[in-house]
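J.: What shape does this take:
(one chain, ligands or ions: 1)
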Amino acid sequence: MMNKATCTSLSTVKEKNRDEALRGLVERLWSRVTPYRRKMEEAGMTAEDVKGLDDLASLPFTTKEDLRENYPLGLLACARRDVVRVHASSGTTGKPTVVAYTERDIATWSDMMAHRLAVAGVTDEDVFQVILGYGLFTGALGFHWGAERLGSMVVPAGGGFTERQLLLMEDLATTVFTSTPSYALHLAEVIAASDLADRLSLRLGIFGAEAWTEEMRCRIEEGLGIVALDSYGLSEVIGPGVAMECPERSGLHFDPGHFLIEIVDPETGEVLPEGVPGEVVITTLTKEALPVIRYRTRDLSRLLGADCPCGCGEPRLERIKGRCDDMLIIRGVNVFPSQIEIALSRVEGLALHYQLQVVEEGTMKELKVVCETEFPLSSEAVASLARKAVKSIQTVTTIRSEVELLPPGTLERNGGKALRVLRGPRA
Ligand SMILES: [Zn+2]
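T.: Below is the predicted model:
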């Protein structure tokens with residue numbers, strides 16, 4: 001059993017040893033993984049050129065395309081027999097990205113996640129319900145092993161089946177759960193429409209897999225009467241557990257003994273100073289099977305210092321603002337889905353279940369926003385609300401969009417990642 005005081009990741013690299021750890025990582029990839037060696041040679045480097053952290057920025061980036069091109073296990077840095085598990089992330093185009101773990105990687109991941117959960121305030125007294133799909137996706141097993149390692153009572157509920165989720169929550173007195181933020185919002189609505197609220201013991205929710213806004217956090221916290229914390233991770237780096245908020249909710253803490261996190265200009269790749277927003281780039285110091293050097297996450301954030309009021313002393317990453325790839329260019333204006341979410345949250349009567357459709361009209365791209373209302377409404381009320389939504393979106397983004405409002409419960413809620421952006425010609 002571990003508690004907040006004793007729960008530290010056993011395999012983390014102490015600060016004074018990080019230079020050595022990076023050197024070791026580069027040497028290992030240079031000698032064992034041909035695509036890494038080739039990239040370094042193309043950059044005119046050898047493994048000896050990397051003495052420590054000061055040389056990090058001279059190393060070539062690793063991208064999602066590198067993982068795809070070497071599908072399934074071409075970037076493996078250990079013997080194939082030492083792999084004890086694989087996961088995969090869904091490929092939006094074609095084949096998935098396969099990631100691999102040694103026995104030690106699984107232990108590191110569990111320790112790391114247990115530590116993150118402890119900093120978030122989870123203890124061995126908690127009943128921890130995992131409302132994420134078990135399978136190739138890293139989310140569910142990452143939380144599962146971490147919470148179990150911490151000594152919580154884990155309820156591996158899996159995704160979906162709302163009635164069963166609520167039954168388990170009530171009967172097992174669940175105190176903490178993890179799901180996508182959009183599913184948490186759905187749960188809040190179902191609970192509000194029932195007489196369940198008084199019989200539940202929920203106090204904390206930890207949400208990830210989708211970029212979500214402070215406005216969404218307020219709705220979840222108010223709707224469920226819990227504290228809602230943000231979690232960040234990606235399978236290419238390890239899975240969930242890379243960074244997580246503490247109860248101060250002022251940035252996501254990460255362990256620099258596991259991850260070297262840089263922020264770079266998404267266009268030029270130039271490293272940006274602390275506090276300046278850009279693309280998150282991660283190097284793994286402790287992974288064995290599939291370490292990555294300078295992995296381009298495409299996620300947008302900035303580094304915050306370690307001076308969090310919680311006193312845990314670890315540096316922080318700001319909440320992810322969106323993905324470089326999610327940026328929409330509508331009539332020449334850059335628009336992020338999170339801006340639309342903020343605009344919709346300002347209109348009373350709208351639920352934050354929405355979808356953005358980029359409609360191509362010849363060479364022009366127009367934005368259509370489909371959003372649910374909180375309650376069933378008359379057609380006049382819907383029309384008035386839609387006008388308010390158009391105005392709010394224009395205020396936040398400067399662009400004029402088309403808004404279609406749907407009755408509550410129309411858009412799909414499957415417990416997986418919400419499908420936020422659809423692209424294509426007008427149907
Ligand atoms: Zn903190």
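J.: for the ion, what are the nearby residues on the stretch 301-427 of the chain?
T.: Residues of the stretch 301-427 of the chain that fall close to the ion, judged by C-beta under 5 Å from the ion: 308, 310. C-beta coordinates here come from the backbone N, C-alpha and C atoms, glycine included.
J.: Tell me where the stretch 301-427 of the chain has helices.
T.: Listed in chain order, the helices found in the stretch 301-427 of the chain under DSSP state H, counting those that start in this stretch are 337-345, 379-397.
J.: again, but for the stretch 151-300 of the chain
T.: 162-171, 181-192, 214-224.
J.: Make JSON lines out of these and add distance to residue 314 and mean neighbour count.
T.: What follows is the helices of the stretch 151-300 of the chain, written out as JSON lines (distance: least, C-beta to C-beta, whole Å; neighbours: other C-beta atoms under 10 Å):
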{"stretch": "helix 162-171", "distance to residue 314": "31", "mean neighbour count": "16"}
{"stretch": "helix 181-192", "distance to residue 314": "23", "mean neighbour count": "22"}
{"stretch": "helix 214-224", "distance to residue 314": "21", "mean neighbour count": "18"}
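J.: so which of those helices comes closest to the ion?
T.: Closest to the ion of the helices of the stretch 151-300 of the chain is helix 214-224 (C-beta to the ion; 16.0 Å).
J.: Contact partners for the residue nearest to residue 306 when sequence neighbours are not counted?
T.: Closest residue to residue 306 apart from its sequence neighbours, by C-beta to C-beta, 6 or more residues apart in numbering: residue 315 at 4.7 Å. Counting by C-beta atoms under 8 Å, 6 or more residues apart in numbering, residue 315 touches 253-254, 256, 261, 303-306.
J.: With residue 179 instead?
T.: Counting by C-beta under 8 Å, 6+ apart, residue 179 touches 131-132, 159, 187, 205, 207, 415.
J.: run the last query once more with 10 Å
T.: Residues near residue 179 by C-beta atoms under 10 Å, 6 or more residues apart in numbering: 129-132, 139-140, 143, 157, 159-160, 165, 185-187, 205-209, 220, 415-416.
J.: ditto for residue 308
T.: 119, 245-246, 248-251, 253, 314-316.
J.: which of the residues you listed are buried?
T.: Among the contacts of residue 308, those classed as buried by 16 or more other C-beta atoms under 10 Å are 119, 245-246, 249-251, 253, 314-316.
J.: can I assume residue 231 is in contact with residue 246?
T.: No: look at residue 231 against residue 246 with C-beta atoms under 10 Å: they stay out of range, at 11.5 Å.
J.: Need the overlap of contacts for these two.
T.: Contact criterion C-beta under 10 Å, 6+ apart; residues shared by residue 231 and residue 246: 116, 120, 252.
J.: can you list the weak-confidence ranges in the stretch 301-427 of the chain?
T.: Within the stretch 301-427 of the chain, the segments meeting pLDDT under 70 span 424-427.
J.: which bits of the stretch 151-300 of the chain sit near the ion?
T.: Within the stretch 151-300 of the chain, the residues that sit near the ion (C-beta under 5 Å from the ion) are 246, 248.
J.: again, only this time at 6 Å
T.: 246, 248, 253 (C-beta under 6 Å from the ion).
J.: Among these, which one lies nearest to the ion?
T.: Nearest to the ion among those is residue 246, at 3.3 Å by C-beta to the ion.
J.: Report the contact partners of the closest residue to the closest one other than its chain neighbours.
T.: Of all residues not flanking residue 246 in the chain, residue 310 sits nearest, at 4.3 Å (C-beta to C-beta, 6+ apart). For residue 310, the contacting residues are 119-121, 245-250, 253, 316, by C-beta under 10 Å, 6+ apart.
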